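A.B. asks: Predicted model follows, preceded by the sequence.
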Amino acid sequence: MPDDRTAARSALVSVAITGSGGSGAVTAGMILLEAVGQAGWYGLMTRSAGPQIRGGESAAMLRFGPEPVDCLDDRFDLLVGLDWRNAARFSDEIPLDAASLILTDPGAGAVPEALLREGPQIRALPWKAAAEAVSQGRLNMVALGTLGASVGLPLAALEAGLKRTLAAKGPETVDPALHCLRRGFDLGWAPFATTSAPVGGVPERWVLSGNDAAGLGALRGGVRFVAAYPITPATEILEWLAPRLEQLGGSLLQAEDELASVNMIIGASFGGVPALTATSGPGLSLMMEGLGLAVASETPIVVVDVMRGGPSTGIPTKPEQGDLDIAVYGLHGDAPHLVLAPLSVRDCAFTTQWAVGLAEHLQTAAIVLSDQSLGQSRAVTAPAPEPTAHLTRLRQTKPGERYLRYALTEYGVSPMTEPGIAGGMYTADGLEHTERGTPSSAAADHLAQLEKRRMKLDDFDYGDAWAEIRGDGDTCLLTWGSTAGAAFEAAERARAAGRPLRVIALRLLAPLRRRALARALEGSRRVLVVEQNQSGQLFHLLNAHRMLPPTAGRFARPGPLPLRPGEILGRILGLD
Amino acid sequence: MPDDRTAARSALVSVAITGSGGSGAVTAGMILLEAVGQAGWYGLMTRSAGPQIRGGESAAMLRFGPEPVDCLDDRFDLLVGLDWRNAARFSDEIPLDAASLILTDPGAGAVPEALLREGPQIRALPWKAAAEAVSQGRLNMVALGTLGASVGLPLAALEAGLKRTLAAKGPETVDPALHCLRRGFDLGWAPFATTSAPVGGVPERWVLSGNDAAGLGALRGGVRFVAAYPITPATEILEWLAPRLEQLGGSLLQAEDELASVNMIIGASFGGVPALTATSGPGLSLMMEGLGLAVASETPIVVVDVMRGGPSTGIPTKPEQGDLDIAVYGLHGDAPHLVLAPLSVRDCAFTTQWAVGLAEHLQTAAIVLSDQSLGQSRAVTAPAPEPTAHLTRLRQTKPGERYLRYALTEYGVSPMTEPGIAGGMYTADGLEHTERGTPSSAAADHLAQLEKRRMKLDDFDYGDAWAEIRGDGDTCLLTWGSTAGAAFEAAERARAAGRPLRVIALRLLAPLRRRALARALEGSRRVLVVEQNQSGQLFHLLNAHRMLPPTAGRFARPGPLPLRPGEILGRILGLD
Amino acid sequence: MATETRTHALKAKEYKSDIAPVWCPGCGHFAVLSALTKALAYLELPKERVALVSGIGCSSRLPAYLDTYGFHGLHGRALAVATGLKAARPELTVVVAGGDGDGFSIGGNHFLHACRRNMDLTYIVMDNEVYGMTKGQASPTTAPEWSRSKLTPHGPGVRRFRPAAIALAAGASFIARGFAGDPSGLTRLIVQAIEHRGFSFLQVLSPCQTFRPEQTEWKQQVHPFDGEPAANDLEAAARIHADDGMALGLIYVEPLPVWQPLAQPSASLAEIEQELSL
Amino acid sequence: MATETRTHALKAKEYKSDIAPVWCPGCGHFAVLSALTKALAYLELPKERVALVSGIGCSSRLPAYLDTYGFHGLHGRALAVATGLKAARPELTVVVAGGDGDGFSIGGNHFLHACRRNMDLTYIVMDNEVYGMTKGQASPTTAPEWSRSKLTPHGPGVRRFRPAAIALAAGASFIARGFAGDPSGLTRLIVQAIEHRGFSFLQVLSPCQTFRPEQTEWKQQVHPFDGEPAANDLEAAARIHADDGMALGLIYVEPLPVWQPLAQPSASLAEIEQELSL
Ligand SMILES: Cc1ncc(C[n+]2csc(CCOP(=O)(O)OP(=O)(O)O)c2C)c(N)n1
Ligand SMILES: Cc1ncc(C[n+]2csc(CCOP(=O)(O)OP(=O)(O)O)c2C)c(N)n1
Ligand code: SF4
Ligand code: SF4
Ligand SMILES: [Mg+2]
Ligand SMILES: [Mg+2]
């Protein structure tokens, strides 16, 4: 994935739509995102809601334009208020300034003070009247039309987006919505239409959430069995996978709890079928014993942890990168395994697929650390790439006279049979064992098997995908997972301001690549570790392995608010 | 606990007794240990057994004499073989050399080759005949008599030890055993009787295992409720506590699993009663979610983890210090809590009591990392000391108008009410919350509560007990938990050989005491981190916090064999 | 200063806190909250001697809405927290509340063992046959053919969990079913459940407006149980076997041995330490 | 080269591995191992198509003693491992084995849900009313007054877990009880359990010589069940109610819907990717 982006992000527009329960703010955002894709642009949409399950206020926040978008901006150009009940709660999430514009219908009442602090402009629009003029008309669709026009989207793209999004609801819904959309469009003008249509026709665009992408990565990696227990914000991975696994001849089983789900995928994988589960912090905690069993019995499994605010039940609907510690260190005993983190919505596909391949090939457990801000955001992107190496399980289909399941091989990986293969019978065990798998408490067996399990991971050649590295210069941002988007953009801005900057975004967090990282850091005088948690988990992890220069600093800030490029830029500028 | 030991350990004797199932090797060892206490000496006994639940071979390994004993020696002076079936499996655990002596009855058959490698002497004794001469006589008691005489124990001490140990079995057992003991004693002579009786009468001695001591620490700390699920090697803590809790008006509840036990103690503690559970690695894994709840809801609890070989089911009956990582880092989200480790069998009392006090006072979860080598070893010691500060829960018994359970106080600890106190009603929550406890996803509440939970632990004054520090010099051993005994002794030997050496044995592993450790390390040029695991968990933990000089090295070696002083000494000598 | 809450009998609404529920309009859980406050008022229980313990789910949000002590713990573990609390503080009135997912799926093992242990707890499960909080997946009580969750697009395909039958087999000594749409009947059952000495299990049909809107029909489908509550387990089994899942009332109650810790203060710590001494 | 194990029908002992059991002399689990090999031989199952899944405990050591595939997993999670294996590889014969602690205490939730799900698994619980491996604590099936564990010096004080009653309430479609002291009866029950399509639950009274030596008396106490196996759950409930816990034989068997994954290959990965495209 070469870095072919320009440094100029000025062609991107940021808009937010808010409204109380039932006002259709999120639907309008979804349609807008589809329209962005129809226009051949790129885009990102995140959403936010109050604590209510239904009927609470909600907000859709989008950023889009002719270049790939991997994070929200520091500020918003446009805020569309469908109504203002409780909208004040979004004031932290939707920063406005004097250059921002609020669009609203005067009938929606007064804009909350909290949103007006930095003096944005307000423009009143007769949406209510326009909606009422259409039978079954809805204000959100009128507002969407105006918004679309304001950002320079062609009406055709908006119409196509609307039809795709609302298709399932039938013409009773679609037709009046289209009417409203057009009326709203006619109310619009184009203050933010700096973006231009792609030259040479519309390129292929995907619209998907990070959770969808993780599901795709699982399928591409060969996963054909999933067992899981619902949990926010991971459930959509399962929802996306359930019907599709079936279409591919696999299956998804809703388990009674996470203890069951992790052990179920261990069973399926023992049966020869690549298997995965998805969860979030509380569920991951419950899976730690199972993960240890997968490591000790050398049964490949993948757990996708879509992180949310922690600790404990924490803040289920908000992002935080707080589970790195548990993912890396949370198994009892010495239990080497894999930890990976996707770097963008689209990268959820690549990273999950790679995780499946690595787990299968290295016969171990892999944890993929996605988070709410990737999983539940939707993006318009180019199609997701795949890892170059096709990694699969080393199978033994013709075992010899005396098959040794845990044979001490040169690279530590022992060819694996599976039920059905005659002569390959063995008992997988979480007790320490001999090469054959027989329980043993002998020091020699323990040392040999511990070393085998360490070596097969440490000595493997992971290639280039361990990190995304962009830019150069003697200042370096080191980051991981979802924070990469904001870090990359902060670096672009720094560069644009004449300050060269390097970004290393780690995709592989365990085992860490000592030599590759040292190479990537060569020549950097200042290192700043950027992440979204309280304690600086990556910072400590890298220090633990003495992989950071002693002067490296950290910028660790917990959720629930996203890390924004400007915030990171500020830290960089403050480095001297 | 000042260091008043002499450097001369030569007055200590090491003996082992082996035999197949039913031969009574362990019983003989237990009696010997009691006799050691009766004589006013100190002693340590560990045991080892084959995989069988019953009927397998077993070994008792002892070291004793006029000075405190906190680890086994590198070699054994005496090996008593009651019979030799499968005794070869103990050859790693019972190193013999040319100065060692094997005592056995010729009728027991040939001594296994594996035990003879280093050329120990063998002395044949007519135990069988002597036992057969006594009606209901048993060979192990005859052998014990000979052994006792050989090490210079007074017959009276042996007799008293025998009576105490076998009392419950009644005179049918005790009388013939005494006969045998005396006959064996008469067969003895005193090649190892270099030890001398204490001057000025027999001082007070306790005989207890580390698991007993942990139980005592719990009671001393005020624990009056325990819920737990049996697991090797932690079960004896529960067995010791069950009747005694009841005697003190508390209770122990055998839970259906570890998920239940950790949540049960949270409930009891919420009710105002200090509460604890004990487990080992697999159970600890299952408790991680509950530990996070205790942290987030600020409910004091203590979990004693008696570590065993890992990962997964691992080696249940053998020691390893493999759970430091999970104990420190195994909670999802940012969840600061306490981790402590006892430094000897006797110290299990002190450290557990301190853990209870700290957890109560700081309203958080504490994990105590004992291990099989402490928990299941028995020691003859001086009475166990108590922490100097009496730490208790900050209670609010007269709440004011509007009680704020999670009030942001100066030190981060908020006074706590409990059911029954009028006006103090609140709902404890694992969701992020306001000061009052109401769920909140607002950034300000999250930051404030995260910071409160961090600060109350980081800024507390833990006093001197965070580590045991002995010796001086520019070379320093840094260690933790059960390995401390061997490290201290290695240092004594180095000093005796003219090489000054400092040992810092950490009792408090989270939060680490940065300043105190820096002070303790001042002037040390060479630092070696010593621990019994594969990956060097303490080494990495200290590096994570940049608390080690860049040249610090590590000596990490996994179980199941204990780390021995000579092994550590070898590393020290190899340091230049 | 509020050190004494009870100079007069409290009204039901005085047991409510001032926190607004996050529940959807029309959610059955509102009725459970309200019936519970009425029951507490009827029983004249001092607020500070009541503790409400829950897990995670829409239903499990209940404790914060009461002005009593509360513990909003982990998904599935409410009974364990409550067991520890009751063992440590037997004089408290401990009520446990949660959902069908919380209690019968992830919490199933604690349900079994709490029934067996028969401690003096009251357990209210607000059964809406769905996971409300996570937006509409099948729970153990969901019909096998209910196919509106994307996770189980053909329906869960598994026979429904039968809470009363399991509770009986496991050893609960009080089993009842209430309905959110029958507030006074529900209040009465909660009173009885709290008054019962032993583990009282009360399943409450509590419709989920959002993910199971068809449950508004429950109003038409519920009916009282025929006859008297069973007083032994054989009768209870027969009643439960004949049950269509929509019958309301007390199903079974029997005085059975209640587990409680045997605190017998008989020694001092010093005496215990003495045992260690030679 | 051993790529084909089956040119002739195998003898029972050919299903045994060469690993010596760690069990105590006289342990009931030996008889279960032996009956299982006989059943496999009788059914002429190719070794490589059989998988034995277990948890942790003396009983759970069983898989390694068979020359089939095996998984010795975590304490209490055997049914989950087996469920995943069977869902992924429906053509295998999957037998689950473990103890009363493993299955009814820590594993209780999976037991409930495995019964409900009614997958085609055979579950053998070697019940010795004690935790053998951890040296003699009370299990859920231990009598309330058994006071020989130091953990529960007055006895657990809780009514016994009734495995058959729970299995029935939860939805198992095959329930039987065997005895280690009746090897041929046990072999027959294992054969029936494996042949049954659905979840077969077989409780085996399997004495623990070491921690429950009094169980040698079971030989005198067991007796066959009266009458024919129940064919519906009402009859089954009556049989189980009358049961003294010592009756041997098939208690209940009924063909009930079996959960199995609905694999309907109908699209390629490329087609699925196409859906993501605008
Ligand atoms: C360990 C864990 N797993 C999963 C979840 C996610 N989760 C929260 S509530 C819930 C189900 C709630 O359903 P129910 O108990 O029926 O309550 P309802 O919302 O229907 O009232 C789930 C699966 C969690 N919080 N913790
Ligand atoms: C999570 C966990 N908790 C506890 C244990 C300790 N443990 C091992 S076996 C066992 C009980 C075994 O009893 P049972 O299942 O009845 O088998 P038996 O030994 O009696 O055949 C326990 C508690 C464990 N291995 N893992
Ligand atoms: S989702 Fe259902 S259960 Fe949850 S609050 Fe809304 S109506 Fe009630
Ligand atoms: S302890 Fe009991 S169950 Fe375990 S092997 Fe020995 S006799 Fe069998
Ligand atoms: Mg529900
Ligand atoms: Mg058992």
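C.D. replies: Nice, I can see it. Ligands and ions are numbered 1, 2, ... in the order given.
A.B. asks: Quick check: the residue of the stretch 101-250 of chain C nearest chain B.
C.D. replies: Nearest residue of the stretch 101-250 of chain C to chain B, counting by C-beta to the nearest C-beta: C:H113, 4.1 Å away. Heads up, the C-betas are built off the backbone N, CA and C, glycines and all.
A.B. asks: ok, now the stretch 151-278 of chain C?
C.D. replies: Closest point on the stretch 151-278 of chain C to chain B, by C-beta to the nearest C-beta, is C:P261, at 3.1 Å.
A.B. asks: From D:T141, how far out is that residue?
C.D. replies: Counting by C-beta to C-beta, to the nearest Å, the gap from C:P261 to D:T141 is 22 Å.
A.B. asks: who touches stretch C:10-19?
C.D. replies: B:438, C:33-34, C:36-38, C:40-41, C:44, C:47, C:64-68 (C-beta atoms under 8 Å, 6 or more residues apart in numbering or on different chains).
A.B. asks: what's the farthest-apart pair in those residues?
C.D. replies: Greatest spatial distance among the contacts of stretch C:10-19 (C-beta to C-beta): B:T438 and C:E44, at 27.4 Å.
A.B. asks: returning to what we had before: need the contact list for the residue of the stretch 151-278 of chain C closest to chain B.
C.D. replies: Neighbours of C:P261 in contact, by C-beta under 8 Å, 6+ apart: B:246, B:250-253, C:87, C:90.
A.B. asks: Check A:K452 too.
C.D. replies: So A:K452 contacts A:406, A:408-409, A:412, A:414 (C-beta under 8 Å, 6+ apart).
A.B. asks: Which of the residues in the one helix or strand it maps to are classified as buried?
C.D. replies: A:K452 belongs to helix A:443-458 when elements are defined using DSSP states H and E. Neighbour-count burial for helix A:443-458 flags A:443, A:445-450, A:452-457 (criterion: 16 or more other C-beta atoms under 10 Å in any protein chain shown).
A.B. asks: sorry, back to before: of the contacts of A:K452, which is the most crowded?
C.D. replies: A:Y406 (24 neighbours; other C-beta atoms under 10 Å in any protein chain shown).
A.B. asks: so what's it closest to, chain neighbours aside?
C.D. replies: Nearest residue to A:Y406, sequence neighbours excluded (C-beta to C-beta, 6 or more residues apart in numbering or on different chains): A:E435, at 5.0 Å.
A.B. asks: How about A:G119?
C.D. replies: Here the residue nearest A:G119, using C-beta to C-beta, 6+ apart, is A:A98, at 4.6 Å.
A.B. asks: mind checking pLDDT for A:D4?
C.D. replies: Looking at A:D4, its pLDDT is 37.
A.B. asks: Same check on A:T409?
C.D. replies: The model's pLDDT for A:T409 equals 97.
A.B. asks: So what are the structural domains in chain A, by residue number?
C.D. replies: A:4-187, A:208-381, A:467-573 (automatic domain parsing).
A.B. asks: Among the ones you listed, which comes closest to ligand 4?
C.D. replies: Closest to ligand 4 of the domains of chain A, according to C-beta to the nearest ligand atom: domain A:208-381, at 22.0 Å.
A.B. asks: picking that back up, please convert the buried residues of helix A:443-458 to CSV, extending it with pLDDT.
C.D. replies: Putting these into CSV (pLDDT from 0 to 100) gives the following:
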residue, pLDDT
A:A443, 96
A:D445, 98
A:H446, 98
A:L447, 98
A:A448, 98
A:Q449, 98
A:L450, 98
A:K452, 98
A:R453, 98
A:R454, 98
A:M455, 98
A:K456, 98
A:L457, 98
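A.B. asks: Show me which of those is closest to ligand 4.
C.D. replies: A:D445 (22.3 Å).
A.B. asks: Report the contact partners of that closest one.
C.D. replies: By C-beta under 8 Å, 6+ apart, the neighbours of A:D445 are A:432-434.
A.B. asks: Tell me the residues of chain A that contact ligand 1?
C.D. replies: A:229-231, A:258, A:282-283, A:286, A:313 (C-beta under 6 Å from any ligand atom).
A.B. asks: Out of those, which are close to ligand 6?
C.D. replies: Filtering the residues of chain A next to ligand 1 for proximity to ligand 6 by C-beta under 5 Å from the ion leaves nothing.
A.B. asks: so can I have CSV of those residues showing secondary structure?
C.D. replies: Formatted as CSV, the residues of chain A next to ligand 1 follow (DSSP: H, G, I helix; E, B strand; the rest coil):
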residue, secondary structure
A:Y229, coil
A:P230, coil
A:I231, coil
A:E258, helix
A:P282, helix
A:G283, helix
A:L286, helix
A:T313, coil
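A.B. asks: Return the member of these nearest to chain D.
C.D. replies: A:E258 (10.2 Å).
A.B. asks: Surely that closest one and A:A234 touch.
C.D. replies: No - A:E258 is beyond contact range of A:A234, at 10.7 Å (criterion: C-beta atoms under 8 Å).
A.B. asks: Overlap in contacts, the two.
C.D. replies: By C-beta under 8 Å, 6+ apart, A:E258 and A:A234 have these common neighbours: A:279, A:283.
A.B. asks: in stretch C:191-201, what's buried?
C.D. replies: Buried-residue list, stretch C:191-201, by 16+ other C-beta under 10 Å: C:191-194, C:196, C:198-201.
A.B. asks: Which ones among the residues you listed map onto helices?
C.D. replies: Counting by DSSP state H, the part of the buried residues of stretch C:191-201 found in helices is C:191-194.
A.B. asks: Please enumerate the strands of the stretch 51-200 of chain C.
C.D. replies: C:69-72, C:93-99, C:122-127, C:174-179, C:200-205 (DSSP state E, counting those that start in this stretch).
A.B. asks: got any ranges where chain A has weak pLDDT?
C.D. replies: A:1-8, A:193-200, A:576 (pLDDT under 70).
A.B. asks: Nearest to ligand 4: which residue in it?
C.D. replies: Counting by C-beta to the nearest ligand atom, chain A gets nearest ligand 4 through A:P439, at 14.0 Å.
A.B. asks: Check the gap between the residue of the stretch 151-278 of chain C found nearest ligand 3 and C:C58 for me.
C.D. replies: As assessed by C-beta to the nearest ligand atom, ligand 3 sits closest to C:C208 within the stretch 151-278 of chain C, at 3.2 Å. Taking C-beta to C-beta as the measure, C:C208 falls 8 Å from C:C58.
A.B. asks: cool, A:A294 as well?
C.D. replies: Taken as C-beta to C-beta, the span from A:A294 to C:C58 is 33 Å.
A.B. asks: picking up where we left off before, and the residue of chain A closest to ligand 4, bridged to which residues?
C.D. replies: Beta-bridge partners for A:P439, by DSSP bridges, are A:H433.
A.B. asks: so when I look at A:A60, I'm seeing a strand, right?
C.D. replies: Yes - counting by three-state DSSP, A:A60 is part of a strand.
A.B. asks: Might you report the residue contacts of the nearest residue to it once chain neighbours are set aside?
C.D. replies: The shortest distance from A:A60 to any non-neighbouring residue, by C-beta to C-beta, 6+ apart, is to A:G29 (2.6 Å). Counting by C-beta under 8 Å, 6+ apart, A:G29 touches A:17, A:45, A:47, A:60-62.
A.B. asks: mind listing the helices in the stretch 51-200 of chain C by residue range?
C.D. replies: C:78-88, C:100, C:108-117, C:163-170, C:183-195 (DSSP state H, counting those that start in this stretch).
A.B. asks: I should have written the stretch 351-500 of chain A there, sorry.
C.D. replies: A:372-375, A:443-458, A:484-496.
A.B. asks: And for the stretch 201-350 of chain A?
C.D. replies: So, for the stretch 201-350 of chain A - with DSSP H, counting those that start in this stretch - the helices run A:210-221, A:235-247, A:258-270, A:281-297, A:324-329, A:347-362.
A.B. asks: Just name the closest of the ones in helices among the buried residues of stretch C:191-201 to D:D120, please.
C.D. replies: C:A193 (39.6 Å).
A.B. asks: now chain C, which segments are flagged as low pLDDT?
C.D. replies: Residue ranges of chain C with pLDDT under 70: C:1-7.
A.B. asks: how many neighbours does C:D120 have?
C.D. replies: Neighbour tally, C:D120, other C-beta under 10 Å: 19.
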